[in-house]
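A.B. asks: Below are the sequence and a predicted model for it; my questions follow.
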Amino acid sequence: MILHQAYNTNILNYCSLYFGPNESRSFLNVGVGSTHTHIYIASGSGKFTWTPEDNTEEILDSYDVEAGQLIDVRETVGQLQLIGADDAGLSIMAFNPLFYDKDITNDTVEIVKGPNNKTVVGEDKSRIVVICVDGKITINDKELVSLQHAMVYPGKTADITIPDNSVIAIITSVLP
């Protein structure tokens, strides 16, 4: 497994990981800034499995994953995750909130693929992070490339242009 990049937005960490062909890795899904709540499959395919931390023989759930899929893994917090790639490898982006004292069930992650235009409006009690997952985008006349992000604050508006072959993630984090 290769950790390409990891970024801190002061609301969440996001990281880009690559698993080589037939490679698998387990993660204990705990820790501030390390707990995955959502995983986006950027390319490739593989398998996602989770087990209780103290009983790796008991599989709680397992399913195949493929490119373009967003997986909500909040139910795996505190459990052992196993992510494995198939013959072609697997690239993922994981979204990890920074606050343990907040209710993460209200947080949302939306994946938007180009070509598309989108307007995002910041609301009270929430912070929005727009991440360029792949390609390049324009947000309020400023260009972002892969793995760069922008914040949308309450009362502010972001006009986003997403060209063909580009992907963004819009994360809305509801603050306590």
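C.D. replies: Cool, the structure landed. Just so you know, these numbers come straight off a predicted model, no measurement behind them.
A.B. asks: so where's this protein shaky on pLDDT?
C.D. replies: Under the criterion pLDDT under 70, the flagged ranges of the chain are 1, 99-106, 175-176.
A.B. asks: So it: which segments form each domain?
C.D. replies: In terms of domains, the chain is parsed into 2-97, 104-174 (source: automatic domain parsing).
A.B. asks: Using a markdown table, lay out those domains together with mean neighbour count.
C.D. replies: For every residue, glycine as well, the C-beta is placed using N, CA and C. Shown next, in a markdown table, are these (neighbours: other CB atoms under 10 Å):
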| stretch | mean neighbour count |
| --- | --- |
| domain 2-97 | 16 |
| domain 104-174 | 16 |
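A.B. asks: Pull the contacting residues for the closest residue to Ile71 other than its chain neighbours.
C.D. replies: Residue nearest to Ile71 in three dimensions, not counting chain neighbours: Ile39, with 4.7 Å by CB to CB, 6 or more residues apart in numbering. Applying CB atoms under 8 Å, 6 or more residues apart in numbering to Ile39 gives the contacts 48, 70-71, 73, 83, 92-95.
A.B. asks: Go through the residues you listed and say which is closest to Asn22.
C.D. replies: If you rank those by distance to Asn22 using CB to CB, Ile83 comes first, at 12.4 Å.
A.B. asks: strands paired with whatever helix or strand the closest one lives in, and their directions?
C.D. replies: Element membership of Ile83 [criterion: DSSP states H and E] is strand 79-97. Under the criterion DSSP bridges, strand 79-97 sits next to strand 12-19 (antiparallel), strand 24-28 (antiparallel), strand 38-52 (antiparallel) in its sheet.
A.B. asks: Nearest to Asp87, out of the ones you listed?
C.D. replies: The nearest among the strands paired with strand 79-97, by CB to CB, is strand 38-52 at 9.0 Å.
A.B. asks: can I assume Gly20 is in contact with Gly89?
C.D. replies: Yes: applying CB atoms under 8 Å, one finds Gly20 in contact with Gly89, separated by 5.4 Å.
A.B. asks: Next, the contact list for the closest residue to Val145 other than its chain neighbours, please.
C.D. replies: Nearest non-adjacent residue to Val145, counting by CB to CB, 6+ apart: Lys136, 4.6 Å away. Lys136 sits next to 143-146, 163, 166 when contact means CB under 8 Å, 6+ apart.
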